[in-house]
Each structure stands twice: as C-alpha cells, then as structure tokens.
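# Here is a sequence with its predicted model. Questions after.
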Amino acid sequence: MKKYLLLLPLALLMFSCGSDTETTDAETVATDTTAAPAPVEDPALKGLTDEDKKRYYDEYGIDYSKGMPAGLKVGDQAPIFKAKDHKGNELFLPDLYKDKPLVLVFYRGAWCPVCNKQLSAIEDSLKYIKNAGATLVAIAPETMDKVGETVEKTKASYSVIADPNGHIMNAYKLDFYVTTEYQKKINEFLNADIATYNGTEEARLPVPATYIIGTDGRIKYVYFHPDYNQRPTINEIIQELKKL
C-alpha cells in the first residue's frame, strides 16, 4: 500500500479540478486519481493459484484481471478531497476533522440492499457516534440524483457525497472494475445498471470500507473487506472512537 504523506500546503498546490457539472463535482488534491487500483495480497489468497484467486473474487463481482484495490492502512495520511453533499453543502476534508474525528463510510449505491441496511443502522445510532465526539460522512460513486434515492431509503441526516467519477474512492484505493457476470446479476435481481447509477461508461465500485480519520488527518481505524456483506458494527466504530 502506498502512504499518503503529502502535507496540506503541497496538496493545495496539486489541486486538480473535477468536472464542472452538478453531479461530478467531487475533487481530490492529494493523489493521482487516474492511477489504476494497486495490487493487494489478501491473506485468504495465500498459496492459491491465479485461477483459484479469480474464483474467490468473482463471487464478489471483482474483476481480478484488472487489478485489486489495496485500501489504506492505519497511520496513512487521508487523501484530501472537496465535494458537495446531498444538502448542497461544500465539504472540504480538513474542515471535517479539524476539531473532531471523522468517520468516513464508503458504500456501493442506492441499488445495494446491504448498503441501505448499513446506512439505516448508522442513522438509527447516529447520536451515539456524535456522543463519541465524531462526525460521519458517507460516500458512493453514484450520481447526485441516486444519492438522493439513498437518502430517501435510509433517512440519512448525515452528509452523503456523490463521487460518480470515482475520484475519492480511487484516492482511498478502494475502487475495482465489476465483472460482466456480476453486472448481469445486479440487472436481473435488482433491476439496476451499475454504470448508469454511476453516470459512467464502465462499472466500477468501491470495496465497502470504513475509515476513522483523526484530527491530525491520519487514519486511525480501517475496516476493509472484499466481501460486501461484511460491515463494521456501530458498536465497533464507537469503541474505536473512544480510543482517540
């Protein structure tokens, strides 16, 4: 995994604007967002043949042949981004963790039942996260109108960011290309087209991940799992916040 050790002044010099359309205004400043997903060696794959590895990731819709996301790790500097949430607020990452820790939740989209369940649970327990002294923001590579669907389904009162070009999920090393077979399954069972939801030509998704960023801008906690069914519990997040 690469470390993001760029300090804010340098990051601001590297600021790269995204699209100027309403639904693609997420911008990143501390990473090359055009970089391909970095390779990662999941412990579950140790000793497996390439074919066995492919079958392992096929189950979760990850096109292993196009590279694997690596995620960030504890101690890494959180890549800086600027984006609008569903309320129209412009969010700048350093402002979010300036006075209190930030819980950053990456989800797959409004079409994802597991994501909606997670985000609804977060809303139900949001007061406990706030009582632990933290702010929470959710991010998905879907367009802003689809973020609106997510908010409607989950009743989220916290900020939800649209990242349709994948700039942020790429910066946090979470994105992967979705297999054709998995795209067909989503179409068949959920009546949703991933690329259309994301406003892109190719279907890419993040590994659902949760990061806690400290007031120094460094990552204090990571939950990263290729199995999209695996998500951290609210209690686990709260317990990690209490350690800060």
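Thanks, I have the structure now. Residues are numbered from 1 along each chain as shown.
# In terms of pLDDT, where does the residue most central in space within the chain sit?
Central residue check for the chain by CA atoms, centre = their mean: the C-alpha nearest the mean position is that of Phe106, 2.8 Å away. On the pLDDT scale, Phe106 is placed at 98.
# wait, it sits on Thr210?
Yes: with contact defined as CB atoms under 8 Å, Phe106 reaches Thr210; the gap is 7.4 Å. In this view, the C-beta of every residue, glycine as well, is placed from N, C-alpha and C.
# list residues touching both of the two?
The contact sets of Phe106 and Thr210 do not overlap (CB atoms under 8 Å, 6 or more residues apart in numbering).
# What residues does Val147 make contact with?
For Val147, the set of contacting residues under the criterion of CB under 8 Å, 6+ apart consists of His86, Ala110, Ala140, Val160, Ile161, Ala162.
# Are any of these buried, and if so which?
Neighbour counting with 16 or more other CB atoms under 10 Å marks His86, Ala110, Ala140, Val160, Ile161, Ala162 as buried within those.
# Tell me the one of those residues nearest Leu119?
Val160 (8.0 Å; CB to CB).
# Could you verify that that closest one is part of a strand?
Yes: using DSSP: H, G, I helix; E, B strand; the rest coil, the assignment for Val160 is a strand.
# Isn't it up against Met144?
No: at 9.5 Å, Val160 and Met144 do not qualify as touching, with contact defined as CB under 8 Å.
# Let's see the pLDDT reported for Lys82.
Reading off the per-residue confidence, Lys82 sits at a pLDDT of 95.
# Show me where this protein dips below the pLDDT cut-off.
Low-confidence segments of the chain, defined by pLDDT under 70, span residues 1-45.
# Give me the common contacts of Val160 and Met144.
His86.
# about what we covered before: the residue nearest to the centre of the chain and Pro206: what is the separation?
For Phe106, the distance to Pro206 (CB to CB, to the nearest Å) stands at 5 Å.
# which residues are in contact with both of those two?
By CB under 8 Å, 6+ apart, Phe106 and Pro206 have these common neighbours: Ile139, Ala140, Met169, Tyr172, Leu174.
# mind listing the strands for the protein?
Remark: strands of the chain, listed N- to C-terminal, are 27-28, 81-84, 90-92, 102-106, 135-140, 159-162, 175-177, 204-206, 209-213, 219-224; assignment by DSSP state E.
# Of those, flag the one that's most buried.
Most buried of these, by mean neighbour count (mean count of other CB atoms under 10 Å): strand 204-206, with a mean of 26.
# Distance from it to the middle of the chain?
Going by CA atoms, centre = their mean, to the nearest Å, the spacing between the C-alpha centre of strand 204-206 and its chain's C-alpha centre is 8 Å.
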